[in-house]
Every structure is written in structure tokens, then in C-alpha cells.
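Student: no letters, just coordinates:
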């Protein structure tokens with residue numbers, strides 16, 4: 001009996017993903033492979049409300065939401081109150097974003113930001129960028145343009161490379177900081 005109920009729930013969630021997000025079987029398989037627990041969440045209590053909230057908050061169309069979830073399906077089960085809304089508010093405030101459209105562009109480019117800790121990732125990375133570049137406005141503009149910098153490790157990549165750049169008397173600006181964050185070891 002339990003197996004039948006689980007199978008039914010799994011099937012319902014797959015159908016919901018397919019219909020709500022207009023996903024193909026291959027796309028659904030990739031999402032489930034990345035985040036298999038999506039199949040266990042309630043559509044009415046978790047998945048649908050999260051997707052509705054995200055679309056309303058960022059003014060996303062169904063196709064934009066679908067693209068976002070193909071990149072980072074985890075956001076379907078994140079807490080709106082404890083994770084996503086605080087992250088969006090922080091990004092909007094700290095990056096001096098003027099409107100929801102700017103925020104949506106950043107999240108569409110780097111949806112993983114919704115999963116990053118403000119205290120241990122976002123704030124320290126922003127502060128490090130400001131200190132390294134020497135200008136808060138230029139640092140925030142660089143992070144708006146290249147939000148993937150937030151995905152670079154401070155301890156393993158950014159701090160060591162900044163030290164190397166300074167030892168080489170390299171000028172530290174937005175372009176050189178971006179290269180520090182994204183160049184491979186060989187490119188650097």
C-alpha cells in the first residue's frame with residue numbers, strides 16, 4: 001500500500017513539473033537527477049507556492065521560471081521566509097539594485113545566489129571585493145555585472161590570487177578582480 005502511494009506521489013510530481021514548467025522528459029530527468037527529493041515534496045504545500053512566490057517576486061514568465069529551475073532546481077524546496085526572501089532583500093540593498101528587473105537579471109544569471117549564506121558568503125565576498133578594488137561603487141557594479149564572483153572561494157581562490165596580484169604590482173580594478181575570480185589555474 002505504501003509503495004502505491006509513493007509511486008502515485010512521484011508520478012504526480014513528475015506530471016506537475018512537466019505541465020507547470022513545460023519541461024521535456026529529458027529535462028525532468030536532469031532535474032530529478034540533480035535534486036531527487038523534489039519528487040517527495042507536496043505540490044500544494046511546497047512546490048507550487050515556492051514557484052508562485054518566485055515568479056511574483058522576480059516578475060518571471062513561465063519560460064523564465066523554467067529556465068531558472070533547469071539551472072538550479074533546489075529553489076523549489078528552499079524556505080521562502082528563511083532563505084530566498086532574505087537573500088533577495090540583501091542583494092537588492094547591498095548591490096544598490098534600483099528595481100526588480102535588475103534583481104531578476106542577476107538571479108537568472110546566477111540562481112545559486114539564492115542558496116548562499118548571507119553571513120558566510122555574500123557579505124564577506126562583497127566586503128572583500130570592496131577592500132580589494134578600493135571603491136564600493138565599482139565593486140558593487142562589478143558584482144552586478146558578474147554575480148558569479150560570489151561563487152568563488154575567498155580562502156582558496158580570491159585571497160591567494162589577490163596576494164599574488166599585489167606581489168606582482170598588478171593594478172586591482174574590476175577587470176583584474178574578475179580575472180582573479182574566473183581564470184583557471186593555467187590562465188591565471
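Tutor: Thanks, I have the structure now. Predicted model only: the values in this text are computed from it and were never measured.
Student: residue 143: which element?
Tutor: Using DSSP states H and E, residue 143 sits within helix 136-145.
Student: swap in residue 161?
Tutor: Residue-wise, residue 161 maps onto helix 159-167 under DSSP H and E.
Student: what pLDDT, on average, does that helix get?
Tutor: Mean pLDDT, helix 159-167: 95.
Student: which residues are in contact with that helix?
Tutor: When contacts are defined by CB atoms under 8 Å, 6 or more residues apart in numbering, helix 159-167 is touched by residues 128, 132, 172, 176, 180, 181, 188. Every C-beta, even on glycine, is put in place using the N, C-alpha and C of the backbone.
Student: redo that, cut-off 6 Å
Tutor: If you take CB atoms under 6 Å, 6 or more residues apart in numbering as the criterion, helix 159-167 is touched by 132, 180.
Student: distance from the chain centre to it, please.
Tutor: Its chain's C-alpha centre and that of helix 159-167 lie 27 Å apart, by CA atoms, centre = their mean, to the nearest Å.
Student: still on that earlier bit, how far does the helix holding residue 143 sit from its chain's centre?
Tutor: 17 Å.
Student: the helices in the chain, which residues?
Tutor: 2-21, 25-34, 48-58, 62-71, 85-94, 100-109, 123-133, 136-145, 159-167, 174-182 (DSSP state H).
Student: from the chain's centroid, how far away is stretch 60-78?
Tutor: 10 Å.
Student: what residues of it count as buried?
Tutor: 60, 64-66, 68-76, 78 (16 or more other CB atoms under 10 Å).
Student: got the buried residues for the helix holding residue 143?
Tutor: Using 16+ other CB under 10 Å as the test for burial, helix 136-145 gives 139, 140, 142, 143, 144.
Student: pLDDT added to the residues you listed, as a markdown table?
Tutor: A markdown table is the format used below for the buried residues of helix 136-145 (pLDDT from 0 to 100):
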| residue | pLDDT |
| --- | --- |
| 139 | 95 |
| 140 | 95 |
| 142 | 94 |
| 143 | 95 |
| 144 | 94 |
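Student: and the furthest pair within those residues?
Tutor: Farthest apart among these by CB to CB are 139 and 144. That separation is 9.8 Å.
Student: follow-up on the earlier one: could the buried residues of stretch 60-78 be laid out in TSV, adding distance to residue 86 and pLDDT?
Tutor: Shown next, in TSV, are the buried residues of stretch 60-78 (distance: CB to CB, whole Å; pLDDT from 0 to 100):
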residue	distance to residue 86	pLDDT
60	19	96
64	22	95
65	20	94
66	25	94
68	18	94
69	20	93
70	24	93
71	21	93
72	17	94
73	20	94
74	16	93
75	14	92
76	18	92
78	11	94
